[in-house]
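Chemist: For reference, the sequence and a predicted model appear below.
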Amino acid sequence: YDFCYVVNGLCFLYCWVLPDPRLFRMLFVATTGPLAWSVIAFDNSLVFHDWERVFSVFIHINPALFAFSVRWHSAPGFFADAVADGPGGEGGFEPFATVAATLKYIYVPWAVGYYAIVFVLAAERARERRLTT
């Protein structure tokens, strides 16, 4: 699974199962950082007659819109714990610690799992099909 699918799944997990402020902070970093920049880096374009491109833009930009909306435009009492201890708040929010936690708990586990699946478990199948990874 690509990183965009994992982050989308974590957004659903946060929204419906585990509304934890620490998870939200890590999601905010992951969605507005590498996932949002991947739209520009991979030249995702919104072409309405091509459903693959529409879906690609949606899965890359929707988590960033979700995180931004929850952080800046949520109603009072709605996801209050996630936004209560923002920068300068009482919760001791540390931006660099949040980025480090995002790398430690979201990105690195995904990267290790992705490497194991693509380059170890599926390596023989890729060689048989003469795929370049």
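Modeler: Nice, I can see it.
Chemist: Low-confidence stretches in the protein?
Modeler: Residue ranges of the chain with pLDDT under 70: 76-93, 133.
Chemist: before we move on, what SS does the residue lying closest to residue 56 once chain neighbours are set aside have?
Modeler: Leaving out its chain neighbours, the residue that sits closest to residue 56 by C-beta to C-beta, 6 or more residues apart in numbering is residue 44, at 5.3 Å. Every C-beta, even on glycine, is put in place using the N, C-alpha and C of the backbone. Here residue 44 is recorded as coil under DSSP: H, G, I helix; E, B strand; the rest coil.
Chemist: If you tally nearby residues, what's the number for residue 44?
Modeler: 17 (other C-beta atoms under 10 Å).
Chemist: if I look at it, how far off is residue 110?
Modeler: Residue 44 sits 19 Å away from residue 110, going by C-beta to C-beta, to the nearest Å.
Chemist: try residue 123
Modeler: Applying C-beta to C-beta to residue 123 and residue 110 gives a distance of 19 Å.
Chemist: More neighbours: these two, which one.
Modeler: residue 110 (18 against 13).
Chemist: what's the one helix or strand residue 97 maps to in contact with?
Modeler: Assigned by DSSP states H and E, residue 97 belongs to helix 95-102. With contact meaning C-beta atoms under 8 Å, 6 or more residues apart in numbering, helix 95-102 is reached by 22, 25-26, 28-30, 33, 87.
Chemist: three-state assignment of the nearest residue in space to residue 15 that is not next to it in sequence?
Modeler: Nearest residue to residue 15 in three dimensions, chain neighbours excluded: residue 66, at 7.7 Å (C-beta to C-beta, 6+ apart). Look at residue 66: counting by three-state DSSP, its state is helix.
Chemist: Quickly note the distance from residue 66 to residue 58.
Modeler: Taking C-beta to C-beta, one finds residue 66 at 11 Å from residue 58.
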